[in-house]
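**Q** just need the structure, nothing else, for what follows:
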Amino acid sequence: MNIVTILLRLIHIAAGMFWVGGSVMTIGFIQPTANGMGSEGAKFMQRLTGPSRLPFFMNLAAPLATLAGLTLYWMDSGFRPEWIVTGPGLGFTVGGMAGIAAFILGVVVMGPTSVQMGALGKEIQAAGGPPTPAQVSRMQMLQGKLHQGGLWGTVLLVVALAAMSVARYL
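**A** Prediction:
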């Protein structure tokens, strides 16, 4: 194993660990707890997803894991069909496709929805009073979209983790 492969595996595994772990923690534990806390939970989530560095590191981990994984896949497979249909090839292919789908979901749904929520939150704050019914409705819609996207992304990441974890043994 050469140094490039070792570095790529370290990047892929460390970034993937952070990405999957952060997603499972957020969707499985943090969001439900915050939702149960009412307005205090909403303040906590604003702080967590705003000034904290969690979004930055999640947005860094996802492309790092994806790019390192694609490079490792190419190094192993050369994109040769005869390798892809082997046990390990199928495991890494399924895991890779699930990870790429989660990444695309993050870029297409999660990112833009988060930006829209942030802009709406600033608009509400700038008005200085309680949100209008239209703003409340829009925020609830965006929160639902973000939750569904996060749930699907987490499922895809867990599939990717499981498939890649056992791929070499298939």
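
**Q** going forward, measure contacts between C-alpha atoms and count neighbours the same way
**A** OK.

**Q** by average pLDDT, which secondary structure element in the chain comes out worst?
**A** Least confident helix or strand, the chain: helix 39-49 with a mean of 81, by mean pLDDT, DSSP states H and E.

**Q** list the buried residues in it.
**A** By neighbour count on 16 or more other Cα atoms under 10 Å, the buried set for helix 39-49 is Gly41, Phe44, Met45.

**Q** with stretch 147-157 instead?
**A** Under 16+ other Cα under 10 Å, the buried positions of stretch 147-157 are His147, Gly149, Gly150, Leu151, Trp152, Gly153, Thr154, Val155, Leu156, Leu157.

**Q** what's the neighbour count on the closest residue to the first one other than its chain neighbours?
**A** Okay, so that is His147. Counting by Cα to Cα, 6 or more residues apart in numbering, His147 lies nearest to Ile27, which is 7.6 Å off, once chain neighbours are set aside. Residues contacting Ile27 under the criterion other Cα atoms under 10 Å number 18.

**Q** Gly111 now?
**A** Gly111 sits with 15 neighbouring residues when counted by other Cα under 10 Å.

**Q** how near is it to Gln143?
**A** According to Cα to Cα, to the nearest Å, Gly111 stands 12 Å off from Gln143.

**Q** coming back round to it: could you dump the buried residues of stretch 147-157 into CSV with distance to Gly128 and pLDDT added?
**A** Formatted as CSV, these follow (distance: Cα to Cα, whole Å; pLDDT from 0 to 100):
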residue, distance to Gly128, pLDDT
His147, 27, 90
Gly149, 30, 95
Gly150, 30, 94
Leu151, 33, 96
Trp152, 35, 97
Gly153, 35, 97
Thr154, 36, 97
Val155, 39, 98
Leu156, 40, 98
Leu157, 40, 98
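
**Q** widest-spaced pair of those residues?
**A** His147 and Leu157 (15.0 Å; Cα to Cα).

**Q** from Leu54, how far out is Leu48?
**A** Leu48 sits 7 Å away from Leu54, going by Cα to Cα.

**Q** and what of Gly96?
**A** The gap separating Gly96 from Leu54 is 24 Å, by Cα to Cα.

**Q** neighbour count for those two, which is higher?
**A** Gly96 (23 against 13).

**Q** quick one: which helix or strand includes that one?
**A** According to DSSP states H and E, Gly96 maps onto helix 87-105.

**Q** which strands and helices sit next to that helix?
**A** Other elements packing on helix 87-105 under the criterion 3 or more Cα pairs under 8 Å, 6 or more residues apart in numbering; DSSP states H and E are helix 54-77, helix 81-84, helix 133-166.
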